[in-house]
Each structure stands twice: as C-alpha cells, then as structure tokens.
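Participant: Here's my sequence, what's the structure:
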Amino acid sequence: MRDTQHQPGALFYDPAADKVGEYQDRSGPYAMLRPVGGGREWQADPATLRPATAEERLSAGVRAANRRARTDAPFLVGIGTPRPPAPEPDCAECADLASRRESARATHDYSAETDANVLLRGHREREHRE
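Facilitator: Reported below is the predicted structural model:
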C-alpha cells in the first residue's frame with residue numbers, strides 16, 4: 001500500500017490480526033493501527049492492509065459501542081432521561097436514598113440505581129415542593 005493512502009483515522013482491515021483498525025502513523029516498517037473506539041495500538045504490515053469494507057466498518061463501530069455500553073454504562077444516564085435528582089440538604093430520607101443510589105452505582109447495579117432515583121424523585125416531589 002502506498003503512503004499516500006495512509007491517512008490518520010482511515011479504517012483498514014489487518015488480515016494478520018483479523019480486525020479493523022484506525023490508521024495512526026508509521027513506526028519503522030510497520031503501520032500502527034488502533035481499535036475503533038480506542039484501545040491499545042498494534043503493529044501491522046502495511047503491504048497487507050486494505051481499506052475496510054462498509055460492512056467491516058459498521059461491525060467495528062458496533063463492537064466499539066457494545067464495549068462502551070459494557071464498561072461505561074453510566075454514560076446512558078441523561079440520554080433521553082432527566083438528570084438524577086439531587087438530595088435536599090439536611091433531609092435524612094434524601095441522604096439515605098442518595099446513599100443507596102451511590103452504592104448501587106459502585107456495584108454496577110443499574111436497576112437499583114434507577115430505583116433509588118425514582119424513589120428520591122418521588123420523595124422530593126412529595127416532601128420538598130417549592
């Protein structure tokens with residue numbers, strides 16, 4: 001593959017690794033590729049690389065999104081949903097529900113985190129109306 005085709009960010013299929021990566025740069029005789037969505041770079045033989053097909057690009061993007069969903073689930077909070085409610089100062093019940101929410105978040109129990117948010121929101125509406 002000629003150097004004019006190596007553009008940073010371009011997606012290439014590496015048959016030796018059997019995966020698609022974003023071209024980063026050259027390092028000696030190797031092309032440096034990074035997984036779509038980020039991760040550890042790997043070295044590839046530039047002569048064997050080919051541009052990724054539309055299907056390969058889509059598949060790599062879906063894998064990256066799935067990987068983010070498994071590791072960064074809190075990024076889903078706030079997408080089409082209201083922000084988590086804030087506890088009122090000096091309210092024991094608010095503090096308890098916020099504590100439950102934080103414990104659930106720390107253990108990646110997103111169902112319990114959502115439950116605590118619903119309970120806290122309801123408590124705030126009943127007890128702390130302005």
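Participant: ok, which stretches of this structure are helices?
Facilitator: Counting by DSSP state H, the chain has helices at residues 54-71, 92-106, 110-127.
Participant: how does the protein divide into domains?
Facilitator: With automatic domain parsing as the criterion, the domains of the chain are listed as 3-71, 74-127.
Participant: so how far is the shortest one from its chain's centroid?
Facilitator: Right, domain 74-127. When C-alpha coordinates are averaged (Cα atoms, centre = their mean, to the nearest Å), domain 74-127 and its chain have centres 22 Å apart.
Participant: tell me the mean pLDDT over that domain?
Facilitator: Averaged over domain 74-127, pLDDT sits at 84.
Participant: Equivalent analysis for the first one, please.
Facilitator: Rounded to a whole number, the mean pLDDT of domain 3-71 is 89.
Participant: Going by neighbour count, which residues of stretch 102-109 are buried?
Facilitator: Ala104, Arg105 (16 or more other Cβ atoms under 10 Å). For every residue, glycine as well, the C-beta is placed using N, CA and C.
Participant: Ala116 is in contact with Asp109, isn't it?
Facilitator: No - no contact is recorded between Ala116 and Asp109 when judged using Cβ atoms under 8 Å, the distance being 9.7 Å.
Participant: hmm, who's touching stretch 25-33?
Facilitator: Stretch 25-33 is contacted from outside by 3, 6, 8, 12, 14, 17, 21-24, 41-46, 49, using Cβ atoms under 8 Å, 6 or more residues apart in numbering.
Participant: quick revisit: turn the helices of the chain into a markdown table, including distance to Tyr30.
Facilitator: A markdown table is the format used below for those (distance: least, Cβ to Cβ, whole Å):
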| stretch | distance to Tyr30 |
| --- | --- |
| helix 54-71 | 20 |
| helix 92-106 | 41 |
| helix 110-127 | 41 |
